[in-house]
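>>> Show me how the following folds:
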Amino acid sequence: MKRALCIMSGGMDSTLCAYLAKKEGYELVALHFNYSQRTEKKEQECFDKLCELLKVSKKYSLDVSFIEQIGGNSLTDKSLKIPKNSLNQNESPNTYVPFRNGIFLSIAAALAEVESCESIFIGVLADDNSGYADCSFPFIQKAEDFINEGRATKIKAKIKTPLISLKKEDVVALAYKENVPIKYTYSCYENDEFACGECDSCLLRLRGFEKLGLKDEIKYAKKI
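Purely as a prediction, here's the structure:
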């Protein structure tokens, strides 16, 4: 059976990607990263539950806490404030973790080679209004070239981004269509128990549901 390595944060986008990979007939190897982010505990909890539901072949939770030491972002540096109600800004917000997807994909490439995975799924969206350069088409294309140049095996790896051209409401609609257990996903940048409903990630998620006339299934700290 063909195998896919799915990078899974516990969020809605990466979870949908994993479900799409399974639909394509892949045996799933799930990969999660803990980098001392504010919502590390909740994301790990969601990842574990989703892996159980997906019946993944293997799962890995890797400690990449050196990202906190590098700093430069409010997800790991609690002296910085998470921006609230700040969508549609012209530059990257401080929630951008420097080169995070590059780091994740490099590690994923190593694990994919060891686990004989021919594809790596990552749930990036190019048009998410967050100003993240490492979610773009050119970045993913160059990352795939870089990964394959460094592989010992002649079998090429494919980075699959089935959501990259979608808007958040498209993601929500597709998640419902594919019976993704949305209630077990989490997107908040700030709170570990109840989503804040005000950070960029929460606002993007909520906007997706609102545009479809749907209500999010997770709990928020304030009435939504």
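>>> what packs against the longest strand seen in the chain?
Longest strand of the chain, by residue count under DSSP state E: strand 27-34. On a contact count with 3 or more Cβ pairs under 8 Å, 6 or more residues apart in numbering; DSSP states H and E, strand 27-34 meets strand 3-7, helix 12-23, helix 40-54, strand 58-63, helix 100-114. Just so you know, the C-beta spots here come from the backbone N, C-alpha and C atoms, and that holds for glycine as well.
>>> what angle sits between that strand and helix 12-23?
Counting by axes from the mean of the first three to the mean of the last three Cα atoms, to 10 degrees, strand 27-34 lies at 160 degrees to helix 12-23.
>>> Touching strand 27-34 from outside, list them.
By Cβ atoms under 8 Å, 6 or more residues apart in numbering, the residues outside strand 27-34 that reach it are 1-10, 18, 21-22, 40, 43-44, 47, 50-51, 54, 56-65, 104, 107-108, 111-112, 115, 117.
>>> Report the buried members of those.
The neighbour-count criterion (16 or more other Cβ atoms under 10 Å) marks 3-10, 18, 21-22, 40, 43-44, 47, 50-51, 54, 56-57, 59-60, 104, 107-108, 111-112, 115, 117 among these as buried.
>>> confidence score at the most far-flung residue of the chain relative to its centre?
Outermost residue of the chain with respect to the C-alpha centroid, by Cα atoms, centre = their mean, is Lys154; its distance is 28.1 Å. Predicted confidence (pLDDT) for Lys154: 78.
>>> how near is it to Ala110?
Lys154 sits 17 Å away from Ala110, taking Cβ to Cβ, to the nearest Å as the criterion.
>>> Same question for Val64.
Applying Cβ to Cβ to Val64 and Ala110 gives a distance of 12 Å.
>>> Find the residues that touch each one of the two.
Here Val64 and Ala110 share no contacting residue, scored by Cβ under 8 Å, 6+ apart.
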